[in-house]
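1. Generate a structure from the sequence data that follows.
(chains A and B)
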Amino acid sequence: MSLSRTSGLAAVMIAGALALTACGSDGGSGTSSSAATSTIECASGSIKASGSSAQKNAIAEWVNAYIAACPDATIDYQATGSGAGVTDFINKQTAFAGSDSALKEDEQPQADARCASGPALNIPMVGGAINVVFNVEGLDTLVLDAPTLAGIFNNSITKWNDPKIAALNSGAALPDATIAQFHRSDESGTTDNFTKYLIAKDAWDFEGGKAWEADGGQGAKGSDGVASAVKSTANSIGYVELSFAEDAGLSSAAIDNGNGPIEATSDNAAITISSATVKGTGNNLPLDIDRAATKGYPIVLVTYEITCEKGLSGTDLDVTKSFLTYTASADGQAVLKANGYVPISGDLLTKVQTAVAAIG
Amino acid sequence: MSTTVKPPGAPETAPEIKGAAVRRGDQVFLGLSRGAGVLILVIMAAIAVFLIWKAIPSLQANTANFFTTQDWTPDADPAYFGIAALAFGTIMTAIIAMLLAVPVGIGIALFIAHYANKRLGAALGFITDLLAAVPSIIFGMWGLSFLMPQMQGFLQWLATYFAWIPLFQNDLGIYTRSIMIAGTVLAIMVLPTVSAISREVFLQVPREHIEAALALGATRWEMVRMSVFPFARPGMISASMLGLGRALGETIAVALVLSATYTINWQITEPGGNTFAANIALRWNEARPTGLSALIASGLVLFVITLAVNMFARIVIARRSEFSGANS
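-> Okay, the predicted model is just below:
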């Protein structure tokens, strides 16, 4: 009796320990992590990095895979936000910064000065799609275009059965209900890129930026806040990154950019990102994304790793280069799609790999 | 305390040590305690200087009136921001919180101290104290996912039948993420502060006062009015002010609940509103240098407001000191 009880207790403890380690080691699915280990050229030492929370999960997946292959290295990425990340990098507190926008005109010289012997590079590493999620009973698919989307988010379209929405969704059962519109209440790159799309299509009368500018609607904190608000509110609409839309099980609108509706999927977003043009010179790769293009899903964002081409030294150099070489590899990029991000592909990926190889 | 009786609030002076030899231990202790007293002043001054220093760049760059503008775009070129809506939201949520929390908190304290039997009172006191230990993010999540849906019906009723009070008018027909809800969440958060301190003060009411009132034939409620309230008034005020301090500075719960807008909207059941602390939490991570400086400037205003509230409370307590000093 007592034996069976102790063994039962032991079994529970072991199961608990396994469950805990399973949770602790990685939060996402990360199926391709183990396959990637063969391509990593290891470095040893520990580095710090900080910045964009939009790429937090991608970096976490990459770090897990990297650490598994290279036990002598540690990478501490703090998702403090892009602004703080860039500041930390300029102040030499980190080896690289994650940012959801390339360095601004006034930041580039400061970052170059931090690197001393070479320019600071904007390396596009993680792509993302911003989904327009909605929660309307009986409505599974929805097509929107830029003017309609702008109308919903600046409160000039207030009903679901508005003729403008109906024109794009012939045959759909649109209810005669008020649209509950949710945006981000905190500053975010998601808002920035969402409004950049509307501005690119000449549909938005505001300046754009990380803070929400239009009146009306309701603000919620974080992509998770918007996703849960849309999920719990009837007749609602909001914008969140792809992974949040998937995790919350919300339906996403297809966007019609003039050539028929395009679904908000990782593959469709990758088309838009890979056809972006590079604005920078040399290995500096800030992107100019054509959000008015009609081929891919147009509401995308790209987050960059910002680091020095020359000027890093010691452990910072070794681990940063080794880690970014992995993330820019085909294996590294394959991790992205499994986690609700959009991989960089085609010629652009080749340029990214060249840029990473030039670090030193 | 037993040798000198001073009205609270009077300036502290070093007590003279009378008697025989001055011992070294006394001197060391005097130095330490005086140092601690000075240190707190130094820290306060350092905070003020830091805030002012960091706030100056944005205030110089600001092209709007800092106090009356209802907008927040410090990182735009030119910078344009003001704290009007933040101040409104902060004060409004705090007022709602106090209106809800103070009567209930004092009621709880009274019940525990003078109505409930000892065991029930102890248990109830323990539970209200426990409420103070709940982290504010929990209150925020609870407010967002439980309280907000539950309050919809009540707010709708308020807006339907009390729309003649401009505050409760609701033109949008949306009752979520409002100042009213944020104020209610804050009320629950400050409740333990108010009730715990009031309870302690109520328990200190001299037995003789209570017995005298009862002996004169007072009912329990008359006894409370005649002996408990006059004695405990300064304590109740400081309890409320401490609660108010928490309500003014509460950050994450408000940031989760409110819909962050920069316009003053007196219709407090509509979505919108923002507070100093919540705005800092929502904006800090992605702010650029001028934006950071602007947030610090708003923090400076909050610092001044809380300081003013506390000083006001001190003045009130000092003026009422004749009650509190009566039996010490």
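
2. switch to C-alpha atoms for all contacts and neighbour counts from now on
-> OK.

3. List, one by one, the residues from the stretch 1-150 of chain A near chain B.
-> A:T80, A:G81, A:S82, A:G83, A:A84 (CA under 8 Å from any CA of the partner chain).

4. Which of the residues you listed fall within strands?
-> Taking DSSP state E, every one of those sits outside strands.

5. Using CSV, lay out the residues you listed together with neighbour count and pLDDT.
-> As requested, those are exported to CSV (neighbours: other CA atoms under 10 Å in any protein chain shown; pLDDT from 0 to 100):
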residue, neighbour count, pLDDT
A:T80, 20, 86
A:G81, 26, 84
A:S82, 29, 87
A:G83, 24, 85
A:A84, 25, 86
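
6. just checking, which of those residues belong to helices?
-> Under the assignment DSSP state H, the residues of the stretch 1-150 of chain A next to chain B contribute A:S82, A:G83, A:A84 to helices.

7. Run a quick check on A:I157 versus A:G151, I expect a contact.
-> Yes. Contact criterion CA atoms under 8 Å: A:I157 and A:G151 qualify, at 5.0 Å.

8. count of neighbours near A:G171?
-> 8 (other CA atoms under 10 Å in any protein chain shown).

9. Name all residues that make contact with residue 244.
-> Since no chain was named, I'll use chain A. Under the criterion of CA atoms under 8 Å, 6 or more residues apart in numbering or on different chains, the contact list for A:F244 reads A:S223, A:D224, A:A227, A:G340.

10. Oops, wrong one, chain B.
-> B:A94, B:M98, B:V190.

11. ok, the ones in helices among the residues of the stretch 1-150 of chain A next to chain B vs chain B, which is closest?
-> A:G83 (4.6 Å; CA to the nearest CA).

12. Around the residue in the stretch 51-200 of chain B positioned nearest to chain A, how many other residues sit close by?
-> Closest contact between the stretch 51-200 of chain B and chain A, by CA to the nearest CA, is at B:R177 (7.3 Å). For B:R177, the tally of surrounding residues (other CA under 10 Å) stands at 26.

13. hang on, the earlier thing: want to throw the ones in helices among the residues of the stretch 1-150 of chain A next to chain B into JSON lines with distance to B:A116?
-> Converted to JSON lines, these look like this (distance: CA to CA, whole Å):
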{"residue": "A:S82", "distance to B:A116": "55"}
{"residue": "A:G83", "distance to B:A116": "55"}
{"residue": "A:A84", "distance to B:A116": "53"}
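
14. so A:L174 makes contact with A:D140?
-> No. The criterion here is CA under 8 Å, and A:L174 misses it with A:D140 at 10.7 Å.

15. Looking at the two, which one has more neighbours?
-> Between A:L174 and A:D140, counting by other CA under 10 Å, A:L174 is the more crowded of the two (20 against 14).

16. how close does the more buried one sit to chain B?
-> 20 Å (CA to the nearest CA, to the nearest Å).

17. helix/strand/coil for the closest residue in space to that residue that isn't next to it in sequence?
-> Excluding the flanking residues, the one nearest A:L174 by CA to CA, 6 or more residues apart in numbering or on different chains is A:N161, at 5.1 Å. What DSSP: H, G, I helix; E, B strand; the rest coil gives for A:N161 is coil.

18. what about chain A, any weak spots by pLDDT?
-> Counting by pLDDT under 70, the ranges of chain A that qualify are A:1-38.

19. Nearest spatial neighbour of B:I137, chain-adjacent residues omitted?
-> Once flanking residues are discounted, B:I137 sits nearest to B:A253: 5.4 Å by CA to CA, 6+ apart.

20. quick one, what contacts that neighbour?
-> Counting by CA under 8 Å, 6+ apart, B:A253 has contacts B:S136, B:I137, B:I138, B:F139, B:G140, B:M141, B:G143, B:A182, B:V185.

21. In these, which residue is surrounded by the most others?
-> B:A182 (32 neighbours).

22. same for the one helix or strand that residue maps to, what does it pack against?
-> Taking DSSP states H and E as the definition, one finds B:A182 inside helix B:179-203. Where contact means 3 or more CA pairs under 8 Å, 6 or more residues apart in numbering or on different chains; DSSP states H and E, helix B:179-203 is packed against helix B:84-110, helix B:118-132, helix B:136-142, helix B:229-249, helix B:252-257.

23. Run the chain-centre distance for it.
-> The chain centroid and the centroid of helix B:179-203 are separated by 9 Å under CA atoms, centre = their mean, to the nearest Å.

24. For residue 293, give me phi and psi.
-> Picking chain A for this. Dihedral pair for A:A293: phi -60, psi 150, per degrees, to the nearest 10.

25. wrong chain, I was asking about chain B
-> Main-chain dihedrals, B:S293, degrees, to the nearest 10: phi -60, psi -40.

26. Just to check, it is in contact with B:A55?
-> Yes. The pair B:S293 and B:A55 passes the contact test of CA under 8 Å, sitting 4.9 Å apart.
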